[in-house]
Each structure stands twice: as C-alpha cells, then as structure tokens.
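**Student:** got a predicted structure here, sequence first:
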Amino acid sequence: MIVTGFISDKKEIMRYYDACDIFLLTSYEDPFPSVVMEAFNAKKPVIAFENAGGFCDIVINDFSGYLVEYGSSDALVEKIKFLVNNNALKEELGNNAKTICESLKFDEYVKILKSYVLTEK
C-alpha cells in the first residue's frame, strides 16, 4: 500500500485514477462528494456505503456505481467482484459517471470550495 498524502498536481492525481478500474469509498461519512466527483471525472464507477454523505444522490445503482448496505464490508466485496469481472458494465457506469460530473459542472464546484476555504481563514 502507498499512502501519498496530499497531491496538488492535477495530472498526478489523474494518474492514480487512470490506474484503477473502480473507485471504492469506504468512508462512513463524507459530506462533500469531492473525491466521488474526481472519480466520476476519470470515468470510474464508485462503490460506497448508502446514507454516508453528499454523494448518495449521484452514485446511482446500475447507472454510475453502487451504494451498498451501510457498514457492510461483505456487500462492498460482493460489488467489487461483480464489477471486476464485467468490463463492459464498468465502462458503461464510468461513462455515465462522467456525464453526471459534466452536468454538475465539477470545475465550478471546486472554485466554490476554494473560495470558501480561502475566505474562512
């Protein structure tokens, strides 16, 4: 396992997303869907826990990824195995995820977050 710490270079971040097939969000709570949006931007389907944050409205079962029973690692593993063996579905979900990302104007979202963080100091 490699723990990179914070990465500010967009190109370097994209290399990590490009290297994966699926984005697995194991957080029990994630109020801002930034990492999910990054994964969507890279055309990666997302698997995450239902009722765990602001991403639950955009991670849509059988469309952009899967939400599984909150806290169930068995359910996560089941969905990973399902997607790993289905390249066509991974690609379809990834393309749908990218469409969601584009419709939500991710770059504008990031600008809003940056301005909020900069004004709160």
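**Tutor:** In hand now; what should we look at? Bear in mind the structure is a predicted one, so any value in this text is a computation, not a measurement. Numbering: from 1, shown residues only.
**Student:** so which residues of the protein form strands?
**Tutor:** 23-25, 46-49, 65-68 (DSSP state E).
**Student:** make JSON lines from the ones you listed and add distance to Lys79 to it.
**Tutor:** All C-beta atoms are positioned from the backbone trio N, CA, C, and that covers glycine. Putting the strands of the chain into JSON lines (distance: least, Cβ to Cβ, whole Å) gives the following:
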{"stretch": "strand 23-25", "distance to Lys79": "9"}
{"stretch": "strand 46-49", "distance to Lys79": "5"}
{"stretch": "strand 65-68", "distance to Lys79": "5"}
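**Student:** with mean pLDDT added, can I get those strands in TSV?
**Tutor:** Formatted as TSV, the strands of the chain follow (pLDDT from 0 to 100):
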stretch	mean pLDDT
strand 23-25	93
strand 46-49	96
strand 65-68	97
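**Student:** of all those strands, which lies closest to Lys105?
**Tutor:** Nearest to Lys105 among the strands of the chain is strand 46-49 (18.5 Å), distances taken as Cβ to Cβ.
**Student:** packing partners for the lengthiest helix in the chain?
**Tutor:** Using DSSP state H, we find that the single longest helix of the chain is helix 87-103. When contacts are defined as 3 or more Cβ pairs under 8 Å, 6 or more residues apart in numbering; DSSP states H and E, helix 87-103 sits against helix 34-41, helix 73-84.
**Student:** most packed of those?
**Tutor:** helix 34-41 (a mean of 22; mean count of other Cβ atoms under 10 Å).
**Student:** so what's the residue nearest to the spatial centre of the chain closest to, chain neighbours aside?
**Tutor:** By Cα atoms, centre = their mean, the chain has its centre lying nearest to Val36, at 2.4 Å. The spatially closest residue to Val36, leaving aside those adjacent along the chain, is Phe55, at 4.1 Å (Cβ to Cβ, 6 or more residues apart in numbering).
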